[in-house]
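Novice: Provided below are the primary sequence and the corresponding predicted coordinates.
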Amino acid sequence: MAAAVEKLTVSLPSAEFRIWNTCDGADLSPELRIGHLKPEVRSIAVFALNPAEEGCSFTSWLAWNIDPLSLIPEGIPPQGVVTAPVNAVQGTNDYGTLGYRGPCPPRGETHRYHFKVYGLDASLNLPAGATKHELIEAMKGHVLQFGDTVAIYGR
């Protein structure tokens, strides 16, 4: 029987996206604070989802093999393999690009964006540019912890 997945705490600097984390600003990935990481966690995986766009799991960011840190800094470059400001590998989002794409709802709408963070027991052998389905498959059997948070953005 598989062990129970333990809770992580995940937070953003604000419940509402800062302008520079959106399409109306510099479109920088936001800072994520992670609490209660177990010492057994070897890497972190992140999904950012917008359930209001094209179904319930439109993915605007997926990243993995992030060092198990309590702070994922803002501004991770939109490239496959990242070595600064943290080590990470990024996949192809549902826009068809690598890395983070910030909120950009239609004018007059406010959308909720979900950040799902997984503490894994290993680094994943998954190449940059992988899809969310490939990342989910690679994570199977490796999830020790999970946490999530939500932020909104309106235009």
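Specialist: Alright, I've got the coordinates.
Novice: Low-confidence bits of the protein, can you list those?
Specialist: 1-2, 54-56 (pLDDT under 70).
Novice: That one: helices as residue ranges?
Specialist: Listed in chain order, the helices of the chain (DSSP state H) span 132-139.
Novice: Disregarding flanking residues, what is the spatial nearest neighbour of Thr22?
Specialist: Closest residue to Thr22 apart from its sequence neighbours, by CB to CB, 6 or more residues apart in numbering: Gly102 at 4.3 Å. C-betas here are computed from N, CA, C, even on glycine.
Novice: pretty sure that neighbour contacts Asn50?
Specialist: No: between Gly102 and Asn50 there is no contact under CB atoms under 8 Å: 10.2 Å.
Novice: joint contacts of these two?
Specialist: Residues touching both Gly102 and Asn50 (CB atoms under 8 Å, 6 or more residues apart in numbering): Ser60.
Novice: so who does Met139 touch?
Specialist: Listed by CB under 8 Å, 6+ apart, the contact set of Met139 reads 45, 64, 118, 120, 124.
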